[in-house]
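[1] coords below, sequence missing:
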């Protein structure tokens, strides 16, 4: 009984358009948000991986990434940044997966 009253007070404190959104609780809303975020991060990560140059220069050859090396033996600046972004999104995907496991 006390929890129902607490939920009513929480819902009454929300603006009118948001009251129905939290009918199932905050955990459901957070879980839905994290699920949508998971899909978006996965799509970006797939695109980043496809842009990497591979053995046959892959899809990145179409965008001018190429496989040239810099003056110190490393890849081009664009390839290094592509590597960094791929690592960042892989870490985000991992962290979001852990958050989804904790919330769900």
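    Happy to help now that I have it. It should be emphasised that the depicted structure is a prediction, and the values quoted were computed from it without experimental measurement.

[2] can you tell me how far residue 39 sits from residue 53?
    26 Å (Cβ to Cβ, to the nearest Å). C-betas here are computed from N, CA, C, even on glycine.

[3] could you check which of those two has the larger neighbour count?
    With neighbours defined as other Cβ atoms under 10 Å, residue 39 and residue 53 compare such that residue 53 has more, 19 against 10.

[4] I'd assumed residue 79 was in contact with that one.
    Yes. The pair formed by residue 53 and residue 79 meets the contact definition of Cβ atoms under 8 Å, at 6.8 Å.

[5] where does this protein have its least confident helix or strand?
    When the helices and strands of the chain are scored by mean pLDDT, DSSP states H and E, helix 2-13 comes last with a mean of 54.

[6] SS state for residue 54?
    coil (DSSP: H, G, I helix; E, B strand; the rest coil).

[7] residues near it, how many?
    12.

[8] for residue 41, same thing?
    Counted with other Cβ under 10 Å, the neighbours of residue 41 add up to 19.

[9] report the contact partners of it.
    Each residue near residue 41 by Cβ atoms under 8 Å, 6 or more residues apart in numbering is listed here: 89, 92-93, 96.

[10] residues of the helix or strand encompassing it that come out buried?
    Using DSSP states H and E, residue 41 maps to helix 26-51. By 16 or more other Cβ atoms under 10 Å, the buried positions in helix 26-51 come out as 31, 34, 38, 41, 44-45, 48, 51.

[11] from the residues you listed, pick the one nearest residue 84.
    Of all the buried residues of helix 26-51, the one sitting nearest residue 84 is residue 48; the distance, using Cβ to Cβ, is 10.0 Å.

[12] can you tell me the helix or strand for the closest residue to the closest one other than its chain neighbours?
    Computed as Cβ to Cβ, 6 or more residues apart in numbering, the closest residue to residue 48 that is not its neighbour in sequence is residue 86, at 4.5 Å. According to DSSP H and E, residue 86 maps onto helix 77-103.

[13] if you count contacts, what does that helix end up packed against?
    Applying 3 or more Cβ pairs under 8 Å, 6 or more residues apart in numbering; DSSP states H and E, one finds that helix 77-103 contacts helix 26-51.
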